[in-house]
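Asks: model this:
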Amino acid sequence: MQLKVRNKLFNPRGSSTVKTMDDKPYLKVEGRFFSFRKRKYIKDLEGKTIYQVRNRFWNFFLHSAYIFDDKGEKICQVTRKLSLKSKFEIVGTSSDYKIDGDVIGWNYSIVKDGKVIATIRRKFDITDSFILDSKDEETSFAIALIIAIDNIMDNERDSSVSID
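Replies: Predicted coordinates for the structure are as follows:
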C-alpha cells in the first residue's frame, strides 16, 4: 500500500494529512496547540486514536520520541543513532525493529525481524512530505514511525529543551 504523509502548511498544532495516492483520506494526524513535546495523535477517519507520538522530555545528544497505543500504554522508544547514515533504533517491542536511512536522510527502510516491511521516501516540498510503501498489516505503525522520525528531526533542528 502506498500513502502520502504531509505536514499541513501554517498549522501551529503540527497536524498532518495521510492520503492514498489518489488523494482519498486514510488516517488523521492531529497535533496539540503549542505542544512543546510535539505530541501528535494518529486517528482513524472516525476520530478514534490509534497511536500517540511525543518527544522525550530531555534531549541532550540522542533525540528520542515515544509511541503509545490507544490506551496510553508505551509501545516503544524511537532514538536516532549516532552514525554517518540516518539510522533509528526502536526499543520496547517484542519484534526486532530498526530504521535504516541513507546518508542525507531522504530514504528509509523499516526492518522487522530482518525483513523490510516498509520504505519511506521524503519528498521535496514546502512542508515535510513522505511517501510510505508498506504491507497492509504494518501501515498504521509505519505511519507512527514516520511521525516519530519527523518529530525527532524537527527537535534536532530546533535544538531546544522542551517541556509539556
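Asks: how near is the residue of the chain positioned farthest from its centre to Gln2?
Replies: In the chain, the greatest distance from the average C-alpha position (Cα atoms, centre = their mean) is reached by Asp22, at 21.8 Å. Relative to Gln2, Asp22 is positioned 10 Å away (Cβ to Cβ, to the nearest Å). For glycine as for every other residue, the C-beta is placed from the backbone atoms N, C-alpha and C.
Asks: Kindly report the same for Met153.
Replies: Met153 sits 22 Å away from Gln2, going by Cβ to Cβ.
Asks: So between the two, which is more surrounded?
Replies: Neighbour count, other Cβ atoms under 10 Å: between Met153 and Gln2, Met153 has more, with 17 against 13.
Asks: Now the more buried one: which helix or strand?
Replies: Applying DSSP states H and E as the criterion places Met153 in helix 139-158.
Asks: Quick one: residues in contact with that helix.
Replies: 1, 3, 5, 7, 16, 18, 27, 29, 38, 40, 42, 50-51, 53-55, 59, 63-67, 78-80, 88, 90, 99, 105, 108, 110, 117-118, 120, 128, 130, 132, 134, 162 (Cβ atoms under 8 Å, 6 or more residues apart in numbering).
Asks: Buried ones from those, can you make that a PyMOL selection?
Replies: Buried members of these, defined by 16 or more other Cβ atoms under 10 Å, are picked up in PyMOL with:
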select buried, resi 3+5+7+16+18+27+29+38+40+42+50+51+53+54+55+59+63+64+65+66+67+78+79+80+88+90+99+108+110+117+118+120+128+130+132+134+162
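Asks: Now go through the contacts of helix 139-158 and say which are in strands.
Replies: 3, 5, 7, 16, 18, 27, 29, 40, 42, 50-51, 53-55, 64-67, 78-80, 88, 90, 99, 108, 110, 117-118, 120, 130, 132, 134 (DSSP state E).
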